[in-house]
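J.: Need a 3D model of the following:
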Amino acid sequence: MSDVELLVYADRLGGTIAQLQTVLDGPLRAFSSVHVLPFYIPFDGADAGFDPIDHASVDPRLGTWDDMRALARNRGLTADLIVNHVSASSAEFVDWLANGDASDYAGMFLTFDTVFPDGGTEHDITAFYRPRPGLPFTAYQGSDGSRHLVWTTFMPTQVDLDVRHPAALRYLRRVLRALADGGVSTVRLDAVGYAVKTPGTDSFMTPETLDFTRVVVALAHETRVDVLVEVHAHYSQQLAIAPLVDWVYDFALAPLLLHSLGTGTVDRLAAWFEIRPTNAITVLDTHDGIGIIDAGPSGDRPGLISRDEMAAIFARADVATTGHSSLASVVPEWFTLPHQINATFFSTLGGETVPYLLARAVQHFLPGRPQVYYVGLLGGLDDTALFAETGNGRDVNRHRYPAEEVDRALGTDVTLAQLGLARMRTEHAAFDGEFSWTTSGEDEARLLWSNGDARADLIVRTTLGAPSFRIELADAGVTTTFGTPAELANWSQNRR
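T.: So this is what the prediction gives:
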């Protein structure tokens, strides 16, 4: 049967890995796979675990590798392989600052001179694409007084690896072995698009990046681990990288659905259905926000939507969130728009259940692997209090759920209906068959799976002011139809 995956932090849906397993073995057992966001030491660092001090160890506050292996025993397990950087507090970086060229890790970290051995001009330096404001360098001093401009693409405490250097490749091999031994079946290459810096380019998803991706895929496959690549970029770059890896993200779907629901049209969705890769992890929301850049133009390359249509999506989100998404979303250097909306997907739709579940239904009916973010599953709205506490815009979509709040969400139509979609995708025989789709008029799309007598049929209408969906399941002479969130929720509850 098909696979549906939950994306979750180990500490924000139960508190520990063992408690997360209890939830997955119980009310969330419809999910046949789980992607646990960084659980390394420390899981609660400056970038919520994406700045590992020890990338090969489980933070003992969350559990152990035995807990991870137990979690993986009856389901697929995805974990992050952070290939672009490590923490400035990591043993490797601290050793290099202490011992310089005598360190076993000399050459592992990217400095200004590594990229520009003959010097770099203002034009060279500002050509690099960076998703944050400012320049990507931080000054560090060695114990011998030597001074280094270390490449820090994301945060000053996230020091970039020189991924072409043997010391960095040895490090990645060691981490991959630890993940594979811990039960991980798929690794997500975090921030791989930024990993190779090539003067004369913007150093994002260049041919050199693809070459490095091939190297990491080969290393992962040596340990019998599949590879998922995370790239927020022009859709053509997703198409280019898809044949090189096991999985890519369908990041374009979310902005295209927001466009469709905001304009009452389905033509841009249909254009994407024609060409989208089928080895896709299909998402609407993640821990990093809702990527809009993925559907837009880049340079002289047209997008699936125009820049004005991107701006309109941000404007509608601003209205739906009463201005909060604009406060939380970051505009990168040299850009005039954010590259993502920092808000929950439910919030961008004003907390309206019908359009939200319409979008979730499309997500679950497309070929690939649907992945549902835990906040989206529980119908989360923006956590403005957490954003106010941390100042990190992405924290609006990283709510910490105590047990009683999870229990309340599990009784709502929005969560029960999504669990129904997950059960449908993993259990119904139609999804092992053939997929097809059609459009009718400017606002209707039909997605159909057929496998002998088994059939799963979804019709969505993005009509302005009156969006709707209808699901019809047929198998063994029995036909079941859902046209409202409550009908889908009731069906799901009766199958517990």
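J.: contacting residues for the residue nearest in space to the middle of the chain?
T.: The structure's the chain has its C-alpha centroid closest to Thr286; by C-alpha atoms, centre = their mean the separation is 4.7 Å. By C-beta atoms under 8 Å, 6 or more residues apart in numbering, the contact set of Thr286 is 7, 373. Using the backbone N, CA and C atoms, a C-beta is placed for each residue, glycine as well.
J.: got a pLDDT number for it?
T.: For Thr286, the model assigns a pLDDT of 94.
J.: can you pull up the bridge partners for it?
T.: Under DSSP bridges, the beta-bridge partners of Thr286 are Gly289.
J.: and it, how far is that from Glu222?
T.: 28 Å (C-beta to C-beta, to the nearest Å).
J.: same check, this time on Asp285
T.: With C-beta to C-beta as the criterion, Asp285 and Glu222 are 33 Å apart.
J.: again with Glu92
T.: Distance, Glu92 to Glu222, by C-beta to C-beta: 22 Å.
J.: more neighbours, these two?
T.: For Glu92 versus Glu222, neighbours defined as other C-beta atoms under 10 Å are more numerous around Glu92 (21 against 12).
J.: ok, now how distant is that one from Gly49?
T.: Distance, Glu92 to Gly49, by C-beta to C-beta: 18 Å.
J.: With Val215 instead?
T.: From Val215 to Gly49 the distance is 24 Å (C-beta to C-beta).
J.: Tell me which of these two has more neighbours.
T.: Using other C-beta under 10 Å, the more surrounded residue of Val215 and Gly49 is Gly49, with 25 against 13.
J.: Phi, psi for the more buried one please.
T.: Main-chain dihedrals, Gly49, degrees, to the nearest 10: phi 100, psi -10.
J.: Distance-wise, check the nearest residue to it once chain neighbours are set aside relative to Glu122.
T.: Closest residue in space to Gly49, ignoring its immediate chain neighbours: Pro38 at 2.8 Å, by C-beta to C-beta, 6 or more residues apart in numbering. Going from Pro38 to Glu122 by C-beta to C-beta gives 35 Å.
J.: what number of residues lie near the closest residue to Met108 other than its chain neighbours?
T.: Nearest non-adjacent residue to Met108, counting by C-beta to C-beta, 6+ apart: Ala167, 3.9 Å away. For Ala167, the neighbour count with other C-beta under 10 Å is 17.
J.: Make sure Ala167 is indeed in a helix.
T.: Yes: membership of Ala167 in a helix is supported by DSSP: H, G, I helix; E, B strand; the rest coil.
J.: which residues touch Pro131?
T.: Pro131 makes contact with 154, 232, 330, 332, 339 under the criterion C-beta under 8 Å, 6+ apart.
J.: who wins for most neighbours among the residues you listed?
T.: Going by other C-beta under 10 Å, His232 tops these with 22 neighbours.
J.: ok, for that one, nearest residue in space, not its chain neighbours?
T.: Nearest non-adjacent residue to His232, counting by C-beta to C-beta, 6+ apart: Gly291, 4.7 Å away.
J.: for the stretch 51-200 of the chain, what spans make up the strands?
T.: Counting by DSSP state E, counting those that start in this stretch, the stretch 51-200 of the chain has strands at residues 54-58, 76-82, 85-87, 137-141, 147-151, 158-160, 186-190.
J.: thought Gly350 was touching Thr322?
T.: No: here Gly350 does not reach Thr322: they are 9.5 Å apart, not a contact under C-beta atoms under 8 Å.
J.: mind showing which ranges of this structure have poor pLDDT?
T.: 1, 332-335, 496 (pLDDT under 70).
J.: That one - how does it break down into domains?
T.: Taking automatic domain parsing as the domain assignment, the ranges for the chain are 5-85+166-429, 91-160, 432-494.
J.: Kindly check the end-to-end length of the longest one for me.
T.: Length of domain 5-85+166-429, first residue to last, C-alpha to C-alpha, to the nearest Å: 18 Å.
J.: next one: the helix or strand where Val414 lies to chain centre, how far?
T.: In the assignment (DSSP states H and E), Val414 maps to helix 413-427. Mean C-alpha position of helix 413-427 versus that of the full chain (C-alpha atoms, centre = their mean, to the nearest Å) differs by 20 Å.
J.: So which residues make contact with it?
T.: Residues from elsewhere that reach helix 413-427, judged by C-beta under 8 Å, 6+ apart: 1-4, 27-28, 30-32, 346, 353, 356-357, 360-361, 364-365, 370, 372, 376-379, 409-410, 431, 456, 471, 473, 482, 485-486, 488-493, 495.
J.: Now do the buried residues in it.
T.: 413-426 (16 or more other C-beta atoms under 10 Å).
J.: Closest one of these to Arg130?
T.: Minimum distance to Arg130 across the buried residues of helix 413-427 is 35.1 Å, recorded for Gln418 (C-beta to C-beta).
J.: do you know how far that closest one is from Ile53?
T.: Counting by C-beta to C-beta - Gln418 and Ile53 are separated by 35 Å.
J.: what sits against Ile41?
T.: So Ile41 contacts 52-54, 57-60 (C-beta under 8 Å, 6+ apart).
J.: that older thread, what separates the residue nearest to Gly49 from Val8, distance-wise?
T.: 12 Å.
J.: circling back to that earlier point, and Pro38 and Glu122? which has more neighbours close in?
T.: It is Pro38, of Pro38 and Glu122, that has more neighbours when counted by other C-beta under 10 Å, with 24 against 7.
J.: and the more buried one, that one's in a strand?
T.: No: counting by three-state DSSP, Pro38 is not found in a strand; it is coil.
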